[in-house]
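S.K.: I'd like to go over a predicted model; first the sequence, then the structure.
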Amino acid sequence: DEKQAADKELGAYVDQRAKVAPDSQVLKDAGFLLGNMTEADFLAAAKSRDANEGNHLLCEAWFYAGMKHLLNGDKTIAAADFQKCLDTKRIDSTEYQFAQSELKALHK
(Lines give C-alpha, C1' and ligand atoms only; values in the text may rest on other atoms or scores of the structure.)
Protein backbone atom coordinates (compact mmCIF):
# COMPACT_ATOMS: atom_id res chain seq x y z
CA ASP A 1 0.00 0.00 0.00
CA GLU A 2 1.04 3.57 -0.68
CA LYS A 3 1.36 4.65 2.98
CA GLN A 4 3.56 1.67 3.84
CA ALA A 5 5.81 2.44 0.87
CA ALA A 6 6.09 6.10 1.96
CA ASP A 7 6.83 5.06 5.56
CA LYS A 8 9.49 2.63 4.34
CA GLU A 9 11.08 5.32 2.18
CA LEU A 10 11.04 7.84 5.04
CA GLY A 11 12.46 5.21 7.39
CA ALA A 12 15.33 4.52 5.00
CA TYR A 13 16.01 8.26 4.75
CA VAL A 14 16.03 8.56 8.54
CA ASP A 15 18.47 5.65 8.86
CA GLN A 16 20.80 7.16 6.27
CA ARG A 17 20.57 10.67 7.73
CA ALA A 18 21.20 9.37 11.28
CA LYS A 19 24.67 8.28 10.20
CA VAL A 20 25.53 11.85 9.15
CA ALA A 21 23.68 14.03 11.68
CA PRO A 22 22.21 11.94 14.51
CA ASP A 23 20.81 14.91 16.45
CA SER A 24 19.29 16.89 13.59
CA GLN A 25 15.83 18.37 13.76
CA VAL A 26 14.95 16.73 10.47
CA LEU A 27 15.46 13.34 12.11
CA LYS A 28 13.28 14.32 15.04
CA ASP A 29 10.54 15.50 12.67
CA ALA A 30 10.70 12.32 10.60
CA GLY A 31 10.89 10.09 13.68
CA PHE A 32 7.79 11.73 15.07
CA LEU A 33 5.89 11.36 11.80
CA LEU A 34 6.90 7.68 11.67
CA GLY A 35 5.61 7.12 15.20
CA ASN A 36 9.03 6.65 16.79
CA MET A 37 8.39 9.48 19.26
CA THR A 38 5.27 10.53 21.14
CA GLU A 39 3.81 13.95 20.47
CA ALA A 40 4.51 14.99 24.06
CA ASP A 41 8.18 14.00 23.73
CA PHE A 42 8.44 15.64 20.30
CA LEU A 43 7.04 18.96 21.55
CA ALA A 44 9.11 18.82 24.74
CA ALA A 45 12.28 18.25 22.71
CA ALA A 46 11.47 21.23 20.48
CA LYS A 47 10.76 23.42 23.47
CA SER A 48 13.95 22.43 25.29
CA ARG A 49 16.13 22.97 22.19
CA ASP A 50 14.41 26.23 21.24
CA ALA A 51 16.06 28.62 23.71
CA ASN A 52 18.30 30.13 21.03
CA GLU A 53 15.92 29.67 18.14
CA GLY A 54 13.17 32.13 19.19
CA ASN A 55 10.30 29.64 18.87
CA HIS A 56 11.40 28.40 15.45
CA LEU A 57 11.52 24.75 16.52
CA LEU A 58 8.19 25.02 18.32
CA CYS A 59 6.61 26.55 15.24
CA GLU A 60 7.91 23.65 13.21
CA ALA A 61 6.88 21.06 15.80
CA TRP A 62 3.31 22.34 16.10
CA PHE A 63 2.96 22.26 12.32
CA TYR A 64 4.13 18.63 12.10
CA ALA A 65 1.93 17.66 15.03
CA GLY A 66 -0.99 19.23 13.20
CA MET A 67 -0.15 17.44 9.97
CA LYS A 68 0.02 14.11 11.75
CA HIS A 69 -3.43 14.69 13.25
CA LEU A 70 -4.76 15.86 9.89
CA LEU A 71 -3.42 12.76 8.14
CA ASN A 72 -5.08 10.64 10.83
CA GLY A 73 -8.41 12.39 10.18
CA ASP A 74 -8.58 14.49 13.36
CA LYS A 75 -9.25 17.92 11.87
CA THR A 76 -10.18 19.55 15.20
CA ILE A 77 -6.87 18.78 16.90
CA ALA A 78 -4.99 19.51 13.67
CA ALA A 79 -6.56 22.98 13.52
CA ALA A 80 -5.64 23.63 17.16
CA ASP A 81 -2.04 22.58 16.49
CA PHE A 82 -1.84 24.76 13.38
CA GLN A 83 -3.10 27.68 15.46
CA LYS A 84 -0.39 27.00 18.06
CA CYS A 85 2.12 27.10 15.21
CA LEU A 86 0.78 30.53 14.23
CA ASP A 87 0.82 31.64 17.87
CA THR A 88 4.64 31.39 17.80
CA LYS A 89 4.54 34.40 15.44
CA ARG A 90 7.41 32.97 13.37
CA ILE A 91 6.12 34.48 10.14
CA ASP A 92 9.53 33.85 8.55
CA SER A 93 9.09 30.10 8.94
CA THR A 94 7.95 27.91 6.07
CA GLU A 95 5.92 25.83 8.54
CA TYR A 96 4.13 28.99 9.68
CA GLN A 97 3.10 29.68 6.09
CA PHE A 98 2.00 26.06 5.63
CA ALA A 99 -0.02 26.18 8.86
CA GLN A 100 -1.84 29.28 7.61
CA SER A 101 -2.72 27.48 4.39
CA GLU A 102 -3.89 24.35 6.20
CA LEU A 103 -6.10 26.38 8.54
CA LYS A 104 -7.68 28.18 5.60
CA ALA A 105 -8.35 24.84 3.90
CA LEU A 106 -9.87 23.40 7.08
CA HIS A 107 -12.22 26.37 7.50
CA LYS A 108 -13.64 26.21 3.96
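M.R.: Received, thanks. Numbers count the residues shown, from 1 in each chain.

S.K.: Let me see the residues that make contact with the helix-or-strand element of the chain with minimal mean pLDDT.
M.R.: Ranked by mean pLDDT, DSSP states H and E, the weakest helix or strand in the chain is helix 2-20, scoring a mean of 73. Applying C-beta atoms under 8 Å, 6 or more residues apart in numbering, the contact partners of helix 2-20 are 24, 26-27, 30-31, 33-34. Where C-beta positions appear, they are placed from N, C-alpha and C, glycine not excepted.

S.K.: Tell me the gap between it and the middle of its chain.
M.R.: 16 Å (C-alpha atoms, centre = their mean, to the nearest Å).

S.K.: pLDDT score assigned to K89?
M.R.: Listed pLDDT for K89 reads 93.

S.K.: for D81, same thing?
M.R.: For D81, pLDDT reads 98.

S.K.: number of nearby residues for it?
M.R.: 26 (other C-beta atoms under 10 Å).

S.K.: From D15, how far off is the residue lying closest to it once chain neighbours are set aside?
M.R.: What sits nearest to D81 in space, not counting adjacent residues and going by C-beta to C-beta, 6 or more residues apart in numbering, is G66, at 3.3 Å. For G66, the distance to D15 equals 26 Å [C-beta to C-beta, to the nearest Å].

S.K.: Please apply the same query to A105.
M.R.: Distance from A105 to D15, by C-beta to C-beta: 33 Å.

S.K.: Let me see the ranges of the helices in the chain.
M.R.: 2-20, 25-33, 39-49, 56-71, 75-87, 94-106 (DSSP state H).

S.K.: just those helices: most buried one?
M.R.: Across the helices of the chain, the average number of neighbours (mean count of other C-beta atoms under 10 Å) peaks for helix 56-71, which reaches a mean of 23.
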